[in-house]
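Asker: output the structure for:
(chains A and B)
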Amino acid sequence: MLSVLLWIPFIGAVVLIVLPGLQDSRRAQWVALLLATFAFAWTIFLGFQFDFSATGSQFQERLSWLETLGLQYQVGVDGLSYPLVVLNNLLTCVAIYGSDPDKERPRFYYSLLLLLNFGVVGAFLSENLLLFFLFYEIELIPLYFLIAIWGGARRGYAATKFLIYTAVSGIAILGSFLGLVWLSGAESFALQRDLAETLTLTQQLILLGGLLLGFGIKIPLVPLHTWLPDAHVEASTPVSVLLAGVLLKLGTYGLLRFGLGLFPEAWSVLAPYLATWAVVSVLYGALTAIAQTDMKKMVAYSSVGHMGYILLAAAANTPLSLVAVIVQMISHGLISALLFLLVGVVYTKTGTRDLTVLRGLLNPERGLPLIGSLMVVGVMASAGIPGMVGFISEFLVFRSSLPVFPVQTLLCMIGTGLTAVYFLLLVNRAFFGRLITRSDGKVVTLAPVIWRERSPAILLAILIVVFGLQPNWLVDWTRATIADFSGSPAVLAQRTTLPEADLARAITLH
Amino acid sequence: MNDILLQTGWWVPCYGLLGALLTLPWSMGLVKRTGPRPAAYFNMFMTLVAFIHGTLLFRATWHHEPVELVLHWLSIADLDLTLNVELSSATVGSMELVTGLSILAQLFALGYMEKDWALARFYALMGFFEAAISGLAISNSLFLTYAFLEMLTLSTYLLVGFWYAQPLVVTAARDAFLTKRVGDILLLMGVVTLSALAGSLDFPDLYDWTETAQLSPLVANLLGLALIAGPIGKCAQFPLHLWLDEAMEGPNPASILRNSVVVSAGAYVLIQLQPILNLAPVALMTLVGIGMITAVGESFVAIAQVDIKRAFSHSTSAYLGLVFIAVGMQWTNFALLLLFAHAIAKSLLFMSVGSIVLTTNSQDLTEYGGLWSRMPVTTSAFVVGSLSLVGLLPLGCFWAFERGLDIFWYDQPLLSAIILLVNGLSVISLTRIFRLVFLGPPQPKTRRSPEVPWTMAVPMVSLIIVTLLSPLLMHNLGLLPNWEYINKSAGITLIASGLMGLIIGGTLELQKSKSRSIKKPIRVVQDMLSYDFYIDRLYGFTIVFLVSSLSRFMVWFDRYIVDGAVNAVGFASVFGGESLKYSASGQSQFYVLTILIGVSVLGLLLTWTLW
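Answerer: Have a look, this model is predicted:
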């Protein structure tokens, strides 16, 4: 059942390379889209069989592989990973559909996209530390090529930077995994919640530190973030969509599943520092985004800021805040994917992303009115306007973190205010005003936007509004898992919900 | 029947939203053949439905217990977010005011915006706007209220930015969004804290909680200050009042609503928050202080404006300042009365202003003159609106002011004086505008100025009637005091202040061109008032400067320090490799030596602890 999700993209990737007759770009795109849609449909089909009340992982599958190494093919899905798998498969469809139909080297391109999907889904589904690591590394290869071959002018620099950063991240994670299994004396790398229980606190802290470094690069957290703006600026639009929409979530997912899940004790020791780190990330990302003139860089830095909220909520580690983490991951995935899609359309139509040049794109006949309207929706969702999913996710993050870290949460809320500042600047500069006039004084007429370019964005915008109005459809998947997750004995011992008087005292103390 | 009506009460705000959605095919440009008019009709129809439903609802709630409708929207762990709506005669009445004014404003817009190509988009925004405000009126949960306030912020941004091709509009829209957003973020901080402290965000639960809450004074006061920040932004109070003035660049029909019900919405929220604010004496004092500053300052600023719409927008801020004083002094009845009277009078005035602006294509007060005989309906609307806005004749605001004076007469002479001052200054400002616009010889822009078409005249005349009848309405709702309880001396002083204003305003020297006095002290004061105390520059020097320089520093830091370090590591390794390659000389002695040194250093390091 579950393995289908893995094998469709993998076989698809091979088929696209091997099968003759797919040199035609459009045909390759259709084949890839067909496979991705099938994978997405299968995910939804699994969703109908998904048991909301079950706490453990479902649809488990297990095959012995390299037993001596402790590596087994162990997959399963729970409320934590299922929404992310759906998001990933949805955005893969969007990315394939939204790709330029006249792509060069189409077979390689689409098979890389499918391979990327394979790696990411595999990482979300793995229930074996080593297997997770393998998928985590597999995902890196196609992404490197996608940036290095189909990227912008400085693609070589950006791709290499991405590769080195992520390789370091992989090494740190592998080191922690190996250390964990060897120190605990476990027989295999199978994911067990009590793996680290026998370890001393110092050992746990060191191992958790490795994971924080590794996943901190992937998320990315300041100051490990500089690969992200470069990668985004150089990557083509579909790759940016996947990068911001899903790949960053691998970092937060890993942090939650392995960092918090395996080292609850060490986590609660580090939590206050993590919350402060989150504040730094949020404010740093937001402030840096304000002064950007490249639209894509602005959205990339906004990602850095918004991923900080996830760290804040994860640090708080209450049942509510862990739900907030999931909701914020999905919400950020949808919103940043939408924003990157729209920036991509602006770039293909105008040939620039420079905010000092772009003006008046909302112009009804000659400009991009619909893209502009969707952009308003996107930036408002990102700035947390109610009625859209960005609001409820941020509200949950703040509401759940405030009792635990009052000062950090309030500081992070300034970040939402700053989000409004930079995104408003973006809309005001690029979309308001008079349309760009050419040097000969004539108003530019932009090429009309076709449905292939606008329909994925419309779909995402609708999802953003629907989940904003009905967040239960997001939350229901995770409720049971999270209740169990944060209710593991070690965590419960650490954290009981603060009574009101304590909270008031906590606030006054700061 | 009543039951069904009450159970479906929450539909009323949805009608506006539905209207907005129905205009999408036109505003997106999918339907071009019909022109944008059908979208406008749809919206007006939906608003009419909302108004009728509201009227029936009002009759159902009149003399009945309030009905509460609760929807458990999202509940996770210890959080239970509910969408809670209260239908009482007061809330439904406020909603009626909103939908009623909205329908008049939309009819007015049909004439005002007739030649605009984006009529459909305008109506979509108006529907959205109306939905947010009418939802706010019946909301019974702080969470829902916050959501509606943010919807208002968004729709204000889009409505102000409606003519986005003009540079002034772009800055106006930006400032409208950002200044309100500052207030909203602080309010959100308050909401989140309150949610964590009280466990629920429904107003009844919150009121219960305040009875027993044990908060340290610091927390309580900070909470109170955070909560009032949102209304300060919404009601255009000092220091977040800049946006309302700039928002006058937007289309006038939206200004009608903005200056009447939108600002009232902010104050309405404040009134709902009042029981919680009682925990925070500092916040209440701040309310009074801000109200006093805004009421007096903006009344003076209004007199110094040359833009007709801006003159009125400053007067709106001033009146809302009085409302803030009322809430700060915990006299919510006075606040509500003033809000009601002001909303009706101000919307009538803005209709009149809209007619003037459309007919003359000018907003400049110095370019008007002699309109009284040319535009009789507009003139009467202006006169009735003005009289209803001040305490001179027993129309709407007279009774509100009278109530205020009655309350503050014995204990708070300062506040009484402020009410009288605001009244007098408003009369001066209105008389000045009246003389400039309607009296005097016609000027080039007013020479050929016919009366506005029926689509604008009908709502104007209807509102004139409503305004004239408003004292009767207030009497029927039981808002007016009995004759024997009226504080006669207060009433007489109020009328005297109005007369005084009339005399000063009538004899004031008027300039038919933009001129500044040659006497330096007068010039300084005049400049300060006409530039609204240079508040935009104050922003520029403080918060804008802070954020922009911080962000520039961050970019520099990011580029040269963080990324610089990363690139330095890369450069060092490449450089190291490049330079070490020259050591590959082929002499085995050298290799052996290198290995030997390396191994010994490693050995030293490993055995360091044994030494």
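Asker: going forward, measure contacts and count neighbours with C-alpha atoms only.
Answerer: Noted.
Asker: get me the contact residues on the stretch 151-300 of chain A for chain B.
Answerer: Counting by Cα under 8 Å from any Cα of the partner chain, the positions of the stretch 151-300 of chain A adjacent to chain B are A:223, A:226, A:284, A:287-292.
Asker: so where is chain A shaky, pLDDT-wise?
Answerer: Flagging of chain A using pLDDT under 70 yields the residue ranges A:437-442, A:486-510.
Asker: let me redo that: the stretch 1-150 of chain B
Answerer: B:1.
Asker: repeat that with 80
Answerer: Counting by pLDDT under 80, the stretch 1-150 of chain B shows low-confidence ranges at B:1-3, B:28-29, B:77.
Asker: chain A contacts on that one?
Answerer: So far as Cα under 8 Å from any Cα goes, the stretch 1-150 of chain B lies against chain A at B:28, B:73-74, B:76-79, B:147-148, B:150.
Asker: recalculate using a threshold of 6 Å.
Answerer: B:77, B:147 (Cα under 6 Å from any Cα of the partner chain).
Asker: in the stretch 1-150 of chain B, which spans are strands?
Answerer: B:67-76, B:79-87 (DSSP state E, counting those that start in this stretch).
Asker: need those in JSON lines (columns: mean neighbour count).
Answerer: Putting the strands of the stretch 1-150 of chain B into JSON lines (neighbours: other Cα atoms under 10 Å in any protein chain shown) gives the following:
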{"stretch": "strand B:67-76", "mean neighbour count": "15"}
{"stretch": "strand B:79-87", "mean neighbour count": "21"}
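Asker: need the helices for the stretch 351-500 of chain B, in chain order.
Answerer: Listed in chain order, the helices of the stretch 351-500 of chain B (DSSP state H, counting those that start in this stretch) span B:376-389, B:396-408, B:413-438, B:444-447, B:454-476, B:488-507.
Asker: lowest-confidence stretch among these?
Answerer: Per-stretch averages of pLDDT across the helices of the stretch 351-500 of chain B put helix B:444-447 at the bottom, with a mean of 84.
Asker: give me the low-pLDDT residue ranges for the stretch 501-611 of chain B?
Answerer: Across the stretch 501-611 of chain B (using pLDDT under 80), the flagged ranges come out as B:510-517, B:583, B:609-611.
Asker: ok, the residue lying closest to A:Leu274 once chain neighbours are set aside - contacts?
Answerer: Once its chain neighbours are removed from consideration, A:Leu274 has its nearest residue in A:Ala315; the separation is 6.0 Å (Cα to Cα, 6 or more residues apart in numbering or on different chains). Neighbouring residues of A:Ala315 by Cα atoms under 6 Å, 6 or more residues apart in numbering or on different chains: A:271, A:274-275.
Asker: the helix or strand harbouring A:Ala315: how far from the chain's middle?
Answerer: Here A:Ala315 is covered by helix A:295-316, with elements defined by DSSP states H and E. Helix A:295-316 sits 10 Å away from the centroid of its parent chain (Cα atoms, centre = their mean, to the nearest Å).
Asker: and what of stretch B:5-21?
Answerer: Chain-centre distance of stretch B:5-21: 23 Å, with Cα atoms, centre = their mean.
Asker: burial count for residue 305?
Answerer: Using chain A here. If you count neighbours by other Cα atoms under 10 Å in any protein chain shown, A:Gly305 ends up with 31.
Asker: wait, I meant chain B there
Answerer: By other Cα under 10 Å, the residues close to B:Gln305 number 23.
Asker: which helix or strand contains the closest residue to chain B within the stretch 201-350 of chain A?
Answerer: Residue of the stretch 201-350 of chain A nearest chain B, by Cα to the nearest Cα: A:Leu287 (4.6 Å). For A:Leu287, the host element (DSSP H and E) is helix A:264-290.
Asker: what angle do that helix and helix A:295-316 make?
Answerer: Relative orientation of helix A:264-290 and helix A:295-316, computed by axes from the mean of the first three to the mean of the last three Cα atoms, to 10 degrees: 160 degrees.
Asker: now A:Pro364, what's its secondary structure?
Answerer: Here A:Pro364 is coil, with the state taken from DSSP: H, G, I helix; E, B strand; the rest coil.
Asker: what about it, how many neighbours?
Answerer: Taking other Cα under 10 Å as the criterion, the count of residues near A:Pro364 is 16.
Asker: now it: phi and psi?
Answerer: Backbone geometry at A:Pro364, expressed as degrees, to the nearest 10, gives phi -70, psi -40.
Asker: from A:Leu22, how far out is it?
Answerer: Plainly put, A:Pro364 is 39 Å away from A:Leu22 if you go by Cα to Cα, to the nearest Å.
Asker: for B:Leu144, same thing?
Answerer: Look at B:Leu144 and A:Leu22: by Cα to Cα, they are 54 Å apart.
Asker: by proximity to chain B, which residue of chain A wins?
Answerer: A:Gly433 (3.9 Å).
Asker: any idea how far A:Ala278 is from that residue?
Answerer: Distance check for A:Gly433 against A:Ala278: by Cα to Cα, it reads 36 Å.
Asker: looking at those two, which is more packed in?
Answerer: Higher neighbour count among A:Gly433 and A:Ala278: A:Ala278, with 29 against 23, using other Cα under 10 Å.
Asker: now do the contacts for the nearest residue to the more buried one once chain neighbours are set aside.
Answerer: With sequence-adjacent residues excluded and distances taken as Cα to Cα, 6+ apart, A:Ala278 is closest to A:Gly308, at 4.7 Å. Taking Cα under 6 Å, 6+ apart as the definition of contact, the neighbours of A:Gly308 are A:278, A:281-282.
Asker: ok, A:Phe38 next?
Answerer: No residues are in contact with A:Phe38 under the rule Cα under 6 Å, 6+ apart.
Asker: quick check: buried residues in whichever strand or helix holds it?
Answerer: Counting by DSSP H and E, the secondary-structure element that holds A:Phe38 is helix A:25-49. Counting neighbours by 16 or more other Cα atoms under 10 Å in any protein chain shown, one finds that the buried residues in helix A:25-49 are A:25, A:28-44, A:46.
Asker: and the residue in the stretch 451-600 of chain B that chain A sits nearest to, how far from A:Ala286?
Answerer: Ranked by Cα to the nearest Cα, the top residue of the stretch 451-600 of chain B for proximity to chain A is B:Ser551, at 4.6 Å. Going from B:Ser551 to A:Ala286 by Cα to Cα gives 8 Å.
Asker: again, but for A:Val86
Answerer: Using Cα to Cα, we find A:Val86 at a distance of 28 Å from A:Ala286.
Asker: neighbour count winner among these two?
Answerer: Taking neighbours as other Cα under 10 Å, A:Val86 and A:Ala286 compare with A:Ala286 leading, 31 against 20.
Asker: can you give me the distance of that one to B:Ser548?
Answerer: Applying Cα to Cα, one obtains 12 Å for the distance of A:Ala286 from B:Ser548.
Asker: on that earlier part again, would you mind writing the CA trace of the next helix or strand after the helix holding A:Phe38 as CSV?
Answerer: Tracing the chain C-terminally past helix A:25-49 and defining elements by DSSP H and E, one meets strand A:58-66 next. Coordinates of each C-alpha in strand A:58-66 appear next as CSV, following Å, rounded to 0.1, in the frame of the first residue of the first chain:
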residue,chain,number,x,y,z
GLN,A,58,-0.2,3.1,10.1
PHE,A,59,0.2,1.1,6.9
GLN,A,60,3.5,-0.2,8.2
GLU,A,61,5.6,-2.2,5.9
ARG,A,62,8.8,-4.0,6.7
LEU,A,63,11.4,-5.9,4.6
SER,A,64,14.7,-7.0,5.8
TRP,A,65,17.5,-5.6,3.9
LEU,A,66,20.9,-5.4,5.4
